[in-house]
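1. Below is the sequence, then the predicted model.
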Amino acid sequence: MTLDRIVMMFAGFMVLASLALGFYVSPYWYLLTAFVGLNLMQASLTGFCPAAMVFKKLGVKPGVSFK
């Protein structure tokens, strides 16, 4: 799996997890959903993604988007 796909999978997991936590635990968890969405938008504009940097240091092969 490439870095691009892992970042998208991680973002999707975080959105689903924060929605579940917001429904079952506390509505404040919906702020995590907003943060993930904003991070995805800024990463698409700037190419800077902290999650991509972490996964790259863990040895994931780079894809097309995050080099």
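-> The structure has been received and is ready for your questions.
2. And the longest helix seen in the chain, how far out from the chain middle?
-> Counting residues, the longest helix found in the chain (DSSP state H) is helix 3-24. For helix 3-24, the separation from the chain centroid amounts to 7 Å (computed by C-alpha atoms, centre = their mean, to the nearest Å).
3. Let's test this: mean pLDDT of that helix, rounded?
-> Mean pLDDT, computed over helix 3-24, is 96.
4. Tell me the helices and strands packed up against it.
-> Helices and strands touching helix 3-24, by 3 or more C-beta pairs under 8 Å, 6 or more residues apart in numbering; DSSP states H and E, are helix 30-46, helix 50-57. C-betas here are computed from N, CA, C, even on glycine.
5. List the buried residues in the shortest one.
-> Spelled out, that is helix 50-57. Across helix 50-57, burial judged by 16 or more other C-beta atoms under 10 Å covers Ala51, Ala52, Phe55, Lys56.
6. residues in contact with it?
-> Leu3, Ile6, Val7, Phe10, Ala11, Asn39, Ala43, Pro62, Phe66 (C-beta atoms under 8 Å, 6 or more residues apart in numbering).
7. What subset of those residues is buried?
-> Burial by neighbour count, 16+ other C-beta under 10 Å: within those this picks out Leu3, Ile6, Val7, Ala11, Asn39, Ala43, Phe66.
8. I'd like the distance between Thr2 and Met53.
-> Separation of Thr2 from Met53 (C-beta to C-beta, to the nearest Å): 15 Å.
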